[in-house]
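> sequence and predicted structure below; questions after.
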Amino acid sequence: MRERKQYHLNEIVFRQGDESVFMYHVLHGRVGLFLDYGSSDEVKLAELLEDQIFGEMGLLDHAPRTATAVILEEETELETLTEEDARSWFEENPESGMLLLLQMCSRLRSTTRRYVDVCHTVRDALDAESFGYQKNDELLARIAKYAAVEREQPANG
């Protein structure tokens, strides 16, 4: 039986590494998906809004959670679906299955774009280093973006 539950700001729905038993449908509010949540290496992967689904990968492949889901808006309401619930939900609402596939495609495309950009950034950094060039501000900014660090700006003077 599908359950509806209201969550509070900053409440954790599940943690990276947890067992995957449910997927979630956002009925109202916002949910953030984070890697290494709460650590200095924390990265926000996505922000999910009303009518979006998350946690589907773990439900489908039974692998541990790859991210931590955190509530980003007070009184966010989620619907929790088991594998059996999801099957009947998609049978009753085939358009929901298509929406899920579109969401998954969008997430995969976004991840692929970020991966390729990181590969290019690393290649450019290695090329600059191997040819004895100093890294320019643009390259350092790209590296910092993926390393999730802020560079100190030089003092004017």
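Looks like it arrived, so ask away. Residues are numbered from 1 along each chain as shown.

> stretch 82-95: which residues count as buried?
Within stretch 82-95, the residues that qualify as buried are Asp85, Ala86, Trp89, counting by 16 or more other Cβ atoms under 10 Å. Placement of C-beta: from N, CA and C, glycine included.

> next step: these restricted to helices.
When DSSP state H defines the helices, the subset of the buried residues of stretch 82-95 inside them is Asp85, Ala86, Trp89.

> okay, who's weakest in those by pLDDT?
Of all these, the one the model is least sure of by pLDDT is Trp89, with 83.

> let me know the pLDDT of the nearest residue to Lys5 once chain neighbours are set aside.
The spatially closest residue to Lys5, leaving aside those adjacent along the chain, is Leu78, at 5.9 Å (Cβ to Cβ, 6 or more residues apart in numbering). Looking at Leu78, its pLDDT stands at 98.

> one more: Arg107?
In this prediction, Arg107 carries a pLDDT score of 81.

> helix, strand, or coil at it?
Recorded secondary structure, Arg107: helix (DSSP: H, G, I helix; E, B strand; the rest coil).

> ok, the spatially closest residue to Glu56 that is not a sequence neighbour to Glu84 distance?
Leaving aside its sequence neighbours, Glu56 sits nearest to Met23 (Cβ to Cβ, 6+ apart; 4.5 Å). Taken as Cβ to Cβ, to the nearest Å, the spacing of Met23 relative to Glu84 amounts to 12 Å.
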